[in-house]
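In: sequence plus the predicted model coming up.
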Amino acid sequence: MTIATIKNRLSIGNVVRNAVVFNFKKWRDNAVNSDNLLQSVDRLFTLLDERQVDYLLVGGIALLQYIEGRNTEDIDLIMALSSLEQLPEISIISRDSDFIRGKLGGLQIDILLTENPLFARVQQAYSARGQFLERTIPCATVEGLIVLKLYALPSLYRQGNFARVNLYENDVATLLYDYRPDVEPLFEVLATHVSDSDLVSLKEIVAEMQQRIERFGKEFE
């Protein structure tokens with residue numbers, strides 16, 4: 001399934017602001033400034049447009065184009081390191097070979113670098129035009145989001161990060177239930193980026209999801 005244009009008109013700024021406002025830990029830390037967050041979101045995407053940066057929106061905001069109820073306090077983007085260098089306004093908090101975490105004002109930005117071949121593949125092959133209230137933004141498709149979630153799962157299991165495991169598996173199951181994409185091509189993409197044993201485990205996880213969906217009355221076509 002390839003989606004050319006997504007027309008779920010969300011406000012990115014409001015999604016991020018609401019997630020932060022209702023995070024009571026941030027209230028205790030006196031870290032909430034909702035007006036600044038709205039300004040930072042608008043500034044980020046204005047900078048990306050003005051400097052013609054090639055990027056793809058992924059993560060929780062992208063998911064909200066397809067499913068309800070996802071909460072997120074940050075912006076997740078796929079882009080090249082060379083593209084990030086066009087945005088000196090983003091201060092770097094942490095980095096490794098595949099990921100960079102940055103800040104623009106009070107807004108957290110997580111960047112998946114295209115130096116990782118899988119992230120580059122998702123950006124190139126699984127992109128749609130997401131029509132948000134603020135503007136039209138390159139946004140990952142259902143298939144692209146599933147690939148990214150599945151790719152992350154083996155590492156999360158090894159870390160014992162079961163809060164995120166449950167979150168990611170729920171995201172995948174919801175996308176499978178609502179959109180019923182053909183998953184075999186997605187496993188073919190993952191096959192060159194994960195170990196054989198991890199691929200087997202991921203196939204088993206997805207098969208269990210599909211069985212549960214069928215068991216409760218909605219068969220895959």
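Out: Ah, there it is. Numbers count the residues shown, from 1 in each chain.
In: my guess is Ala140 contacts Tyr126. True?
Out: Yes: counting by CB atoms under 8 Å, Tyr126 is a contact partner of Ala140 at 5.6 Å. Bear in mind the C-beta positions are built from the backbone N, C-alpha and C, glycine included.
In: when those two are compared, which one has more neighbours?
Out: Per other CB atoms under 10 Å, whichever of Ala140 and Tyr126 has more neighbours is Ala140, with 29 against 24.
In: please tell me how far that one sits from Gln123.
Out: For Ala140, the distance to Gln123 equals 8 Å [CB to CB, to the nearest Å].
In: could you do Glu68 as well?
Out: For Glu68 relative to Gln123 (CB to CB), the value is 25 Å.
In: again with Gln86
Out: Look at Gln86 and Gln123: by CB to CB, they are 16 Å apart.
In: tell me where this structure has strands.
Out: 5-6, 55-58, 74-79, 91-95, 99-104, 107-113, 127-131, 136-140 (DSSP state E).
In: possible to save the ones you listed as CSV with distance to Asp49 and mean pLDDT?
Out: Below are those laid out as CSV (distance: least, CB to CB, whole Å; pLDDT from 0 to 100):
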stretch, distance to Asp49, mean pLDDT
strand 5-6, 18, 52
strand 55-58, 10, 96
strand 74-79, 13, 94
strand 91-95, 20, 96
strand 99-104, 14, 96
strand 107-113, 15, 95
strand 127-131, 13, 89
strand 136-140, 9, 92
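In: closest to Tyr151 out of these?
Out: Smallest distance to Tyr151 across these (CB to CB): 10.0 Å, for strand 107-113.
In: pull the residues that contact the closest one.
Out: 16, 37, 40-41, 44, 58-59, 73-81, 84, 90, 97-103, 119, 148 (CB atoms under 8 Å, 6 or more residues apart in numbering).
In: quick one: pLDDT of Gly69?
Out: As predicted, Gly69 sits at a pLDDT of 67.
In: same question, Leu64
Out: We have a pLDDT of 85 for Leu64.
In: from Asp74, how far off is it?
Out: With CB to CB as the criterion, Leu64 and Asp74 are 13 Å apart.
In: pull the number of nearby residues for His193.
Out: Close neighbours of His193, defined as other CB under 10 Å, add up to 15.
In: what do you get for the one 10 residues further on?
Out: Lys203 is surrounded by 15 other residues when neighbours are defined as other CB under 10 Å.
In: ok, now which ones touch the spatially closest residue to it that is not a sequence neighbour?
Out: The spatial neighbour of Lys203 that comes closest, neighbours along the chain excluded (CB to CB, 6 or more residues apart in numbering), is Phe187 at 6.2 Å. For Phe187, the contacting residues are 199, 202-203, by CB under 8 Å, 6+ apart.
In: mind putting those residues into TSV with pLDDT and distance to Asp49?
Out: Converted to TSV, those look like this (pLDDT from 0 to 100; distance: CB to CB, whole Å):
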residue	pLDDT	distance to Asp49
Leu199	98	38
Leu202	98	36
Lys203	98	39
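In: which one among those gets closest to Tyr157?
Out: The shortest approach to Tyr157 among the contacts of Phe187 belongs to Leu202, at 10.4 Å (CB to CB).
In: quick check: can you list the domain ranges of the chain?
Out: 5-140, 144-215 (automatic domain parsing).
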